[in-house]
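Trainee: Fold the stuff below for me.
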Amino acid sequence: MDFTFLPDYYSYFLNGAWKTLQLSFFSVIAGTLLGVLVALMRLSSNWILKAISATYVEIIRGTPMLVQIFIIYYGLAEFGIVMSAFVSGIFALSLNIAAYMSEVFRAGIDAIDKGQMEAARSLGMTRSMAMRHIILPQAFRNMLPAIGNEFIVIIKDSSLVSVIGIGELMYNADVVRGVTFIPLEPLLVAALIYLIMTFTLSKLLGRLERKLKRSA
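Mentor: Coordinates of the predicted model:
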């Protein structure tokens, strides 16, 4: 094993890891918010909203993320919608996360006792107020493990955006491979950094989940 390149190129891996965390953070936040909206659309009594949300979920879940990244970065430019590679990457990852998170939120909302909505309505709350102040907070707490798992998954899946030139961890590892002509070791370093990030996040989320359970 030859890791003699590390003193000269360690900054590539650190910068790539930081970019990966940025991509993951903004994508999970945007994807979660959009996922809530899509879930509420699917639970709506309006058949048009239900059809739109169901179609969106099926399209996103039924096509590879790599194809979605290419369509957003290259395809939208054909219609005059030009975004930077970083913004395009966040957009693509967010849309993908939202499709999966919407199903998680829909299941979480359905799991809340229907009597809570009826009780809130009997106290004079509108459906939207009851959903915002009573149902969603409980659903969010129950779904925190799923949201955390999505964050961990997207840290790994963010490597796909390297195909449009975003200097995240995998892209920078490939740069080091190309410059040093060392095929394996840069990938092992990248894999170790991915493992450190996901393991650390998993432990932090586990502590947060236990804290929320104690305060419930």
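
Trainee: CA atoms for contacts and neighbours, from now on please.
Mentor: Noted.

Trainee: longest single helix anywhere in the chain?
Mentor: Secondary structure of the chain read by DSSP state H shows that its longest helix is helix 6-43.

Trainee: gap between the following helix or strand past that one and the chain center?
Mentor: Counting by DSSP states H and E, the element after helix 6-43 in chain order, helix or strand, is helix 47-61. Remark: helix 47-61 is offset 19 Å from the chain centroid, using C-alpha atoms, centre = their mean, to the nearest Å.

Trainee: all helices of the chain, in order?
Mentor: 6-43, 47-61, 65-70, 85-111, 114-122, 127-130, 136-157, 169-180, 185-215.

Trainee: Could I get the ones you listed in TSV, plus columns for distance to residue 79 and mean pLDDT?
Mentor: Supplementary listing: the helices of the chain in TSV, determined by distance: least, C-alpha to C-alpha, whole Å; pLDDT from 0 to 100:
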stretch	distance to residue 79	mean pLDDT
helix 6-43	23	92
helix 47-61	20	93
helix 65-70	14	93
helix 85-111	14	88
helix 114-122	44	78
helix 127-130	36	78
helix 136-157	27	81
helix 169-180	28	93
helix 185-215	36	86
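
Trainee: and the closest residue to residue 198 other than its chain neighbours, what does it touch?
Mentor: Of all residues beyond its chain neighbours, the one nearest residue 198 is residue 152 (5.6 Å), with distances taken as C-alpha to C-alpha, 6 or more residues apart in numbering. For residue 152, the contact set (C-alpha atoms under 8 Å, 6 or more residues apart in numbering) comprises 198, 201, 202.

Trainee: Surely the first one and residue 155 touch.
Mentor: Yes. In this structure, residue 198 is within contact of residue 155 by C-alpha atoms under 8 Å, at 7.3 Å.

Trainee: Settle it for me: which of those two has more neighbours?
Mentor: Neighbours were counted for residue 198 and for residue 155 using other C-alpha atoms under 10 Å; residue 155 has more, 24 against 19.

Trainee: Could I get the contacting residues of that one?
Mentor: So residue 155 contacts 20, 21, 24, 194, 198 (C-alpha under 8 Å, 6+ apart).

Trainee: How about residue 32?
Mentor: Each residue near residue 32 by C-alpha under 8 Å, 6+ apart is listed here: 94, 97, 98, 101, 102, 147.

Trainee: Tell me, how many residues neighbour the nearest residue to the last one once chain neighbours are set aside?
Mentor: Same thing as residue 147. Leaving aside its chain neighbours, residue 147 sits nearest to residue 101 (7.5 Å; criterion: C-alpha to C-alpha, 6+ apart). The tally of other residues near residue 101 (other C-alpha under 10 Å) stands at 26.

Trainee: same check, this time on residue 170
Mentor: Neighbour tally, residue 170, other C-alpha under 10 Å: 26.

Trainee: change the start of the numbering to 25 and stick with it
Mentor: Renumbered: residue one is now 25, and that last one reads residue 194.

Trainee: Isn't it up against residue 185?
Mentor: No. In this structure residue 194 lies outside contact range of residue 185 using C-alpha under 8 Å: 9.0 Å.
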